[in-house]
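*Asks:* heads up, no residue letters with this:
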């Protein structure tokens, strides 16, 4: 029992100190949240540091304006310290991670008398690898390279990402300590394909054997992890650690108290993390690259050595896999009912109930066996190269050769393991109590090539999260502004696999919704499902933003957003900015600058703007929702879940589609009021919210704004 009188006193005094230091008033919802989390954590029983009480979580829905970050920090830090556990705070976005590390924690440390330290944890792929950067510059200097991958020569002197000058600038900035090697701290956005050339993963990293180990950005950032009271991570990193068994990157779950902020993202992130895919033709191209790399490696190893024999075995396994992939491509191409979408030049095929046709299932098993052989042989080569780093062992390979080729073979090994995951998932026919996995294929056509990609994903993350996280964690808190769907926690509980002993609470908001805002449903003759809806939007929107200084119009379809923009922008030059016009930060900066200059501004956005933007005060006074945010019917994971619900005699529309739409609608409406002094209105142009039976459920799940509904 960690919630002793002393711990309670520390929490209460810290809260008083922060309120006084920042000259702010206590909020009822915030106090309630502090008490709930402290009580939950304090009730966990343990013996010799190991939890003895049943697995459980504390789930707190806390709306905008609650001050939930301060609430969970003030309640969890003293309890975690009393228990001798590390507090792991996990967010869904890098932006919130940085805010907690650079603003919220320093703020709390300054104003409270609590003694604690903290550090930031990000994945290896967010950091510069000096060895890769050096190899990149070396490749360019030679115009050729002995190692893979091969790079094209750039025009010298251009400072654009990917040019030699760009990488030299990167090297100089890191060497002069002007940059810490964190991708998110580089002054400009670095495209993914450029960044991949100068970062690494655990398979390619030689760790302490690397000549740059003492100046490594990743390991430098990791030095504080073991001694930190608080580690600020993100959902992807937590899931990556769990996939490695837990305790590989972060503390073992048994020794951690977790707080998941933006927790509504966790089930979806878990699905993405445990999904797998294999592009067939791209993999065959990749096998050619492997063959070229092996050809270049051959001269470095004496004939008859273990390494030389390994190269022969990898070549054989690679050829076997290539032949199998050619067969499976031909089968999928010829015997699948592809229907091409001309606009996207792609076609999707989902296998109902995850069942593969017999011929395809047999070929998938052949691919699994062939890929397993390749994984095994590449793994043996990785082990062989590693012996060169160990001075205590005899090795047939010299250290320089190992340093040059270890990252290359490690990369191939890593990718082959990813492919093995797909084939294993495709061949797994074990029956479970839950829905079968979603399995689907996408065929794409380009100018001079085409490919078929196979996919597999769990449909629900409940078992994954329960077995890897909730059953092992000492304790866990989940919080967000949107955890309930239609006023209930059932959706989150089932999708996240939360333990039966969990506690659920909705913290009341400090906002006076009825006084602050209205929700309006104007008279509109057409429904979103009618042909004339886009035309109706073009006619109606100018009336809605007339007289407003700052309006956000949210669409569910990017195509419709573009059509409306094309029709209206000539009549209103400079007024409308869409989220596709430039980077998100720049879109918001221009919008705010316009409003500050006294000019009206209208933002057009889709799903990411319905959740991820913060425009307080006069920067947003009107949110227009063009259409209820029902999910796209062709999403294969959602379709598989709906199929499973139907087979069980359920109604997927009411059990899945409507609750999902409710959460998205609440998030969209949540853009309007960010502070207690904000005011404004929400306009919903989709009359289904009052014309259909489910509409009342969606309307009632919204904050209690004053309603203005035209007949």
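*Replies:* Structure's in. What do you need? All figures in this text were calculated on a predicted structure; none of them were measured in a lab.
*Asks:* so what touches stretch 424-441?
*Replies:* The contact list for stretch 424-441, computed with Cβ atoms under 8 Å, 6 or more residues apart in numbering, reads 276, 332, 336, 348-351, 353-356, 361, 364-365, 368, 452-460, 462-463, 636-637, 639-641, 643-644. (C-beta placed from N, C-alpha, C; glycine too.)
*Asks:* wait, residue 655 touches residue 648, no?
*Replies:* No: here residue 655 lies out of contact with residue 648, judged by Cβ atoms under 8 Å, at a distance of 9.6 Å.
*Asks:* for this structure, what are the low-confidence residue spans?
*Replies:* 1-2, 139-159, 342-344 (pLDDT under 70).
*Asks:* let's go with 50 and repeat that
*Replies:* Scanning the chain for pLDDT under 50 picks out 143-158.
*Asks:* buried subset of the contacts of stretch 424-441?
*Replies:* 276, 332, 336, 348-351, 354, 356, 364, 368, 452-460, 462, 636-637, 639-641, 643-644 (16 or more other Cβ atoms under 10 Å).
*Asks:* which of those residues fall in strands?
*Replies:* In this view, the buried ones among the contacts of stretch 424-441 that belong to strands under DSSP state E are 276, 348-350, 452-457.
*Asks:* host element of the residue nearest in space to the middle of the chain?
*Replies:* Among the residues of the chain, residue 269 comes closest to the average C-alpha position under Cα atoms, centre = their mean, at 5.4 Å. Using DSSP states H and E, the element containing residue 269 is helix 266-273.
*Asks:* tell me how far that helix lies from the chain's centre.
*Replies:* 8 Å (Cα atoms, centre = their mean, to the nearest Å).
*Asks:* neighbouring contacts of that helix?
*Replies:* 92, 235-236, 239-240, 243, 260, 457-462, 464-465, 478, 492, 495-496, 637.
*Asks:* which of those are buried?
*Replies:* Applying 16+ other Cβ under 10 Å to the contacts of helix 266-273, the neighbour count classes 92, 235-236, 239-240, 260, 457-462, 464-465, 478, 492, 495-496, 637 as buried.
*Asks:* so residue 460 touches residue 495, yeah?
*Replies:* Yes: using Cβ under 8 Å, residue 460 is in contact with residue 495, at 6.0 Å.
*Asks:* distance-wise, check residue 613 relative to residue 705.
*Replies:* According to Cβ to Cβ, to the nearest Å, residue 613 and residue 705 sit 20 Å apart.
*Asks:* give the residue from those two that has the larger number of neighbours.
*Replies:* residue 705 (22 against 19; other Cβ atoms under 10 Å).
*Asks:* just the element for the closest residue to that one other than its chain neighbours, please.
*Replies:* Sequence neighbours aside, residue 519 is the residue nearest to residue 705 in space, at 4.2 Å (criterion: Cβ to Cβ, 6 or more residues apart in numbering). Residue 519 belongs to strand 517-521 when assigned by DSSP H and E.
*Asks:* mind listing what residue 707 touches?
*Replies:* 518-521, 699.
*Asks:* how about 6 Å then?
*Replies:* Neighbouring residues of residue 707 by Cβ atoms under 6 Å, 6 or more residues apart in numbering: residue 519.
*Asks:* how about it, phi and psi?
*Replies:* phi -100, psi 140 (degrees, to the nearest 10).
*Asks:* could you give the bridge partners of it?
*Replies:* Beta-bridge pairing for residue 707 (DSSP bridges): residue 519.
*Asks:* residue 429 versus that one, what's the distance?
*Replies:* 52 Å.
*Asks:* distance of the residue lying closest to residue 250 once chain neighbours are set aside from residue 278?
*Replies:* Excluding the flanking residues, the one nearest residue 250 by Cβ to Cβ, 6+ apart is residue 241, at 4.7 Å. According to Cβ to Cβ, residue 241 and residue 278 sit 25 Å apart.
*Asks:* show me where the stretch 151-300 of the chain has strands.
*Replies:* 230-234, 256-261, 276-279 (DSSP state E, counting those that start in this stretch).
*Asks:* with the stretch 401-550 of the chain instead?
*Replies:* Under DSSP E, counting those that start in this stretch, the stretch 401-550 of the chain gives strands at 438-445, 450-457, 475-480, 503-507, 517-521, 550-554.
*Asks:* show me the helices in the stretch 251-400 of the chain, by range?
*Replies:* 266-273, 280-297, 306-334, 358-387, 399-427 (DSSP state H, counting those that start in this stretch).
*Asks:* compute the inter-axis angle for the longest one and strand 438-445.
*Replies:* Orientation note: helix 358-387 sits at an angle of 90 degrees relative to strand 438-445 (axes from the mean of the first three to the mean of the last three Cα atoms, to 10 degrees).
*Asks:* what of the first one?
*Replies:* Relative orientation of helix 266-273 and strand 438-445, computed by the same axes, to 10 degrees: 60 degrees.
*Asks:* one more: the last one?
*Replies:* Counting by the same axes, to 10 degrees, helix 399-427 lies at 110 degrees to strand 438-445.
*Asks:* the closest residue to residue 450 other than its chain neighbours pairs with what?
*Replies:* Excluding the flanking residues, the one nearest residue 450 by Cβ to Cβ, 6+ apart is residue 444, at 6.2 Å. Per DSSP bridges, the residues bridged to residue 444 are residue 346, residue 451.
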